[in-house]
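[1] Sequence first, predicted coordinates after that:
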Amino acid sequence: TTLAEVDFANAVLIFDEAHNLEEFASESSSFDLSSGDVSGCVTEVQRALQYLELNPEMGEGAMKDNMLRLKSVLLRFEKYLDGSGNAQARAAGQKVSSEGEASHPGEFIFDVFRDGAGINHDNHKLLVDFVKRVSDVIMEFK
């Protein structure tokens with residue numbers, strides 16, 4: 001029997017090591033976002049730009065212009081994550097480790113994207129759609 005097959009209806013759960021439950025739940029629902037992650041995105045956009053230069057028939061002129069804009073947004077976001085994100089955490093009285101890591105409430109990610117990359121609820125769909133198009137260009141060359 002697997003855990004997925006267990007019927008938990010009307011069940012009482014007993015947790016061994018329950019004192020670790022809060023930390024486990026917190027770690028399970030969190031993620032890390034570093035400037036290194038964003039740097040990898042910049043590299044992929046640069047690679048897509050090189051593909052377009054070698055094969056101009058792959059995309060219209062607007063595709064290259066938008067890729068350059070995307071690269072600019074990502075570079076700005078990378079710079080933001082390298083510095084001011086931790087300064088903002090300290091200003092809010094949040095603890096930042098010696099490695100520059102900090103924990104934030106879930107809604108903080110909206111501030112990070114807004115302040116670091118200019119991405120918000122109104123424009124995020126445009127970004128996601130364009131990133132998918134860039135991904136398609138990269139995949140065509142693999």
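    It's in.
[2] Now do the helix or strand encompassing Arg133: distance to the chain's middle.
    Assigned by DSSP states H and E, Arg133 belongs to helix 124-140. Chain-centre distance of helix 124-140: 15 Å, with Cα atoms, centre = their mean, to the nearest Å.
[3] and if you look at stretch 5-21?
    With Cα atoms, centre = their mean as the basis, the mean position of stretch 5-21 lies at 32 Å from the chain mean.
[4] for stretch 124-142, same thing?
    Counting by Cα atoms, centre = their mean, stretch 124-142 comes out at 15 Å from the chain centroid.
[5] got the contact list for the helix holding Arg133?
    Outside helix 124-140, the residues that touch it by Cβ atoms under 8 Å, 6 or more residues apart in numbering are 44-45, 47-48, 51-52, 58-59, 63, 66-67, 70, 73, 113, 119. No exception for glycine: its C-beta is placed from N, CA and C like everyone else's.
[6] How many residues are close by Ala18?
    Other residues near Ala18 come to 10 when the count uses other Cβ atoms under 10 Å.
[7] swap that for Glu140, sorry
    12.
[8] do the same with Cys41
    Cys41 has 18 nearby residues by other Cβ under 10 Å.
[9] Make sure I have this right: it is in a helix.
    Yes: assigned with DSSP: H, G, I helix; E, B strand; the rest coil, Cys41 falls within a helix.
[10] correct me, but it touches Val73?
    No: taking contacts as Cβ atoms under 8 Å, Cys41 lies outside contact range of Val73: 9.8 Å.
[11] Please pull out the lowest mean pLDDT helix or strand from the chain.
    In the chain, no helix or strand scores lower on mean pLDDT, DSSP states H and E than helix 84-91, which sits at a mean of 57.
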